[in-house]
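A.B. asks: Sequence first, predicted model second:
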Amino acid sequence: MCSIRRWSGRKAVPVLCLFLMMWAMSMAAAPQSVQGWGDYPRSSAEAARFLEYSTWGPTSESINHLNEVGYARFLEEQFAAPISSYPDFLHVLNNRDTTNCTGVCQRDNYTLYPLQRRFYTNALYGPDQLRQRVAFALHQIIVVSGNEITIPGRLAIYLKILDRNAFGNYRQLLQEITLNPAMGNYLDMAGNRAANPNENYAREILQLFSIGLNQLNEDGTPVIGAGGQPIPAYDQDDVNAFSRVFTGWNFAPLTPPQPGITNYFDPLVATQSQHDLGSKTLLQGVTLGPNQTAARDLADGLDNIFNHPNVGPFIGRQLIQHLVTSNPSPAYVRRVAQVFANNGAGVRGDLAAVVRAILLDEEAYAKPAPPDFSKGHLKHPVLLVTNLLRAMGARSRDGLGLSDGYINPQTLRDLGMDLFVPPSVFSYFSPATGVPGSNLRGPEFGTLNTSTSIRRANFVNTMVFTGIAVSADAPTGTSLDFSALEPLAANGPKDLVLKLNTLMMSGRMSQQMFDGILKAIYAVPASNRLRRAQTAVYLIATSAQYQVAR
């Protein structure tokens, strides 16, 4: 039996069992629709649904804009939007000067504070919403973690690679990531020597960044061997060979030299004397001849990985999971993998074409009745936070300016997703995580338990009724703007719920939920328009129907 404390006033603590029951109900309440998106949204609710996939959350302005320009032009605008990205940093000592660098100096140069703040201001206000979503998806696939790379300027270079290549070519992304110093530190690419090859990067680029453990059909399903078991995509001999391919690379020297500072800003450079000169047999029997340079072996090795038939379905499936649904059909994966293999102009690995294919696929649109219970994904903590704050026009604490983006400490550490600090190379949660009590994939459920489900509600409560106060680390604070909702809350709260159903839930609110929220609003005096609006937003944002994107 589950113990449930009900919402009362400004406190709400739904427990995990209730959340899961509501999640199942939300999947059953999906609306009917035609297949495919068409050229323009058929309704504001449809526009909001598309924006759930392609931005950090719909806003009234973005819904109106998408209605006006249509899907194709919206995507082209996003592909061309200037990159928000991250600030430039100066080189700092590897080991902080504990006498002269304390307080703000320590915070800004030796913690992830400036990156985490910048991430949220980019997400809330940046024009390049789709690029940011794709870059964050890539961060969850090709992981470098702040649990080891704690100096923000060093991690920023890695994040800029993801931003820059989010709509570029996957082969170029692999090249830049392989030679990124933060990755070189994190997975031991830097300092890898012929005398004692390190297999960490070789193993993870195969297992996690490109082809996965098993051979895949074009639709992402495993190739089954004669014994009825999946066929491995690589073996230990392949790992050993790639560990030798990746020898001879180290941090670039600084000019002029700066004692006590390692160069994390420039790509790794080759030291030929440390490179393994033997021949190497790679994937699918491809052999690299002896006496090649470190740079030639690296290029040939990455080409060998990039051209493996697994890459399209393996990476395509994960991008679908991060943007649209945790359980894409094999047909959906196949269509995306085909675009990865050929963008229509003979180019392999075109991520802009892949993203377009993912977002405009008919399966990204809700299927007709009967509802498909497997479609959708739980909003991970970052997405939950940005969806709410963007929908409600996050502002400074006094409402006169913009939020400062100081949100991570109050939310994500408690919610199980400390921004830029995934606990392992497998990211914040494994893509193999299942939905409890079902046979469905639900990677984001790796962040959800009884404790974090309560904390989700408490975070919403804080943001809706209080906001984040000004402090030394939060120079302007953060609050939500209810001014556009208050007129709807006065005498016709039904219009308020209809508005929020479109803005926050893409029109998928069940009738039962609609009626319950309306009843709760009527319980608040009509004279208190702000509290009526807050009540409606709070009840929606803490519901499973909202927290499961459909």
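C.D. replies: Cool, got the structure. Numbers count the residues shown, from 1 in each chain.

A.B. asks: per-residue confidence for G376?
C.D. replies: Looking at G376, its pLDDT is 83.

A.B. asks: how deep is it tucked in, by neighbour count?
C.D. replies: Number of residues near G376 (other CB atoms under 10 Å) recorded here: 24. Glycine gets a C-beta too; all of them are placed from N, C-alpha and C.

A.B. asks: Poorly predicted segments of this protein, please.
C.D. replies: 1-36, 366-374, 410-413 (pLDDT under 70).

A.B. asks: Now do the strands in it.
C.D. replies: Per DSSP state E, the chain carries strands over the ranges 5-8, 11-13, 249-250, 269-270, 280-281, 287-288, 377-378, 548-549.

A.B. asks: For Y332, give me its contacts.
C.D. replies: 320, 361, 363 (CB atoms under 8 Å, 6 or more residues apart in numbering).

A.B. asks: hmm, 6 Å instead?
C.D. replies: By CB atoms under 6 Å, 6 or more residues apart in numbering, Y332 lies in contact with 361, 363.

A.B. asks: what's the spacing between the residue lying closest to A156 once chain neighbours are set aside and L187?
C.D. replies: Closest residue to A156 apart from its sequence neighbours, by CB to CB, 6 or more residues apart in numbering: Y86 at 4.5 Å. In this view, Y86 and L187 are 21 Å apart by CB to CB, to the nearest Å.

A.B. asks: ok, those two, which is more surrounded?
C.D. replies: Shown here are Y86 and L187; by other CB under 10 Å, L187 has more neighbours (26 against 20).

A.B. asks: dump the residue contacts of the more buried one.
C.D. replies: 200-201, 204.

A.B. asks: if we go to 10 Å?
C.D. replies: 143-144, 148, 177-178, 198-205, 208-209, 246, 425 (CB atoms under 10 Å, 6 or more residues apart in numbering).

A.B. asks: do the same with G416
C.D. replies: 380-381, 423, 428-429, 444, 446-449, 451-452, 455-456.

A.B. asks: Report the distance from stretch 85-93 to the chain centre.
C.D. replies: 23 Å (CA atoms, centre = their mean, to the nearest Å).

A.B. asks: does F79 really touch V355, like I thought?
C.D. replies: Yes - using CB atoms under 10 Å, F79 makes contact with V355 at a distance of 8.5 Å.

A.B. asks: shared neighbours, the two?
C.D. replies: In contact with both F79 and V355: 130-131, 166-167, using CB under 10 Å, 6+ apart.

A.B. asks: Out of those residues, which comes closest to F242?
C.D. replies: Checking those against F242 with CB to CB, the nearest one is A166 at 25.5 Å.

A.B. asks: contacting residues for the closest residue to that closest one other than its chain neighbours?
C.D. replies: Distances taken as CB to CB, 6+ apart place V134 nearest to A166, at 4.1 Å, with adjacent residues excluded. Counting by CB under 10 Å, 6+ apart, V134 touches 54, 78, 128, 162-163, 165-167, 319, 322-323, 351-352, 354-355, 358.

A.B. asks: that older thread, among the contacts of L187, name the ones in helices.
C.D. replies: Per DSSP state H, helices hold the following members of the contacts of L187: 177-178, 200-205.

A.B. asks: wait, what's in contact with the closest residue to Q534 other than its chain neighbours?
C.D. replies: With sequence-adjacent residues excluded and distances taken as CB to CB, 6+ apart, Q534 is closest to V464, at 5.1 Å. For V464, the contact set (CB under 10 Å, 6+ apart) comprises 10, 388, 392, 479-480, 482, 533-539, 541-542.

A.B. asks: Just the buried ones from the contacts of L187, in PyMOL syntax?
C.D. replies: Typed into PyMOL, the line below selects the buried ones among the contacts of L187, using 16 or more other CB atoms under 10 Å:
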select buried, resi 143+144+177+178+198+199+200+201+202+203+204+205+208+209+246+425
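
A.B. asks: follow-up on the earlier one: just the buried ones from the contacts of G416?
C.D. replies: For the contacts of G416, buried by 16+ other CB under 10 Å: 380-381, 428-429, 444, 446-448, 452, 455-456.

A.B. asks: any idea how far T221 is from the closest residue to V223 other than its chain neighbours?
C.D. replies: Distance criterion CB to CB, 6+ apart; nearest residue to V223, sequence neighbours excluded, is Q215 at 4.1 Å. According to CB to CB, Q215 and T221 sit 10 Å apart.

A.B. asks: What is the burial count for N408?
C.D. replies: Neighbours of N408 (other CB under 10 Å): 24.

A.B. asks: Ok, the one 10 residues further on next?
C.D. replies: Neighbourhood size, D418 [other CB under 10 Å]: 21.

A.B. asks: hang on, the earlier thing: list just the nearest of the contacts of V464 to R193.
C.D. replies: Among these, and counting by CB to CB, the member closest to R193 is L388, at 49.2 Å.

A.B. asks: and the gap between the residue lying closest to V286 once chain neighbours are set aside and T287?
C.D. replies: In this structure, V286 finds its nearest non-sequential neighbour in N304, 5.1 Å apart by CB to CB, 6+ apart. Per CB to CB, N304 is found 10 Å from T287.

A.B. asks: So those two - more neighbours on which side?
C.D. replies: Neighbour totals were compared for N304 and T287, and N304 leads with 20 against 12 (other CB under 10 Å).

A.B. asks: wait, that one sits on N310?
C.D. replies: No - in this structure, N304 is not within contact of N310 by CB under 10 Å, at 12.0 Å.

A.B. asks: Which neighbours do those two have in common?
C.D. replies: Contacts common to N304 and N310, judged by CB under 10 Å, 6+ apart, are L283.

A.B. asks: For F514, give me its contacts.
C.D. replies: F514 touches 494, 497-498, 500-501, 505, counting by CB under 10 Å, 6+ apart.

A.B. asks: In the protein, which helix is the longest?
C.D. replies: helix 60-80.

A.B. asks: Using PDB, write out every CA atom in that one.
C.D. replies: Output of helix 60-80 as PDB, limited to C-alpha atoms (Å, rounded to 0.1, in the frame of the first residue of the first chain):
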ATOM      1  CA  SER A  60       3.100  31.700 -26.100                       C
ATOM      2  CA  GLU A  61       5.400  33.600 -28.400                       C
ATOM      3  CA  SER A  62       7.000  30.500 -29.900                       C
ATOM      4  CA  ILE A  63       3.600  28.900 -30.500                       C
ATOM      5  CA  ASN A  64       2.400  32.000 -32.300                       C
ATOM      6  CA  HIS A  65       5.500  32.100 -34.400                       C
ATOM      7  CA  LEU A  66       5.400  28.500 -35.400                       C
ATOM      8  CA  ASN A  67       1.800  28.900 -36.400                       C
ATOM      9  CA  GLU A  68       2.800  31.800 -38.600                       C
ATOM     10  CA  VAL A  69       5.900  30.400 -40.400                       C
ATOM     11  CA  GLY A  70       5.200  26.600 -40.400                       C
ATOM     12  CA  TYR A  71       7.500  23.700 -39.700                       C
ATOM     13  CA  ALA A  72      10.000  23.900 -42.500                       C
ATOM     14  CA  ARG A  73      10.800  27.600 -42.100                       C
ATOM     15  CA  PHE A  74      10.900  27.200 -38.300                       C
ATOM     16  CA  LEU A  75      13.600  24.500 -38.700                       C
ATOM     17  CA  GLU A  76      15.600  26.500 -41.100                       C
ATOM     18  CA  GLU A  77      15.500  29.400 -38.700                       C
ATOM     19  CA  GLN A  78      16.800  27.200 -36.000                       C
ATOM     20  CA  PHE A  79      19.600  25.700 -38.100                       C
ATOM     21  CA  ALA A  80      20.700  29.300 -38.900                       C
END
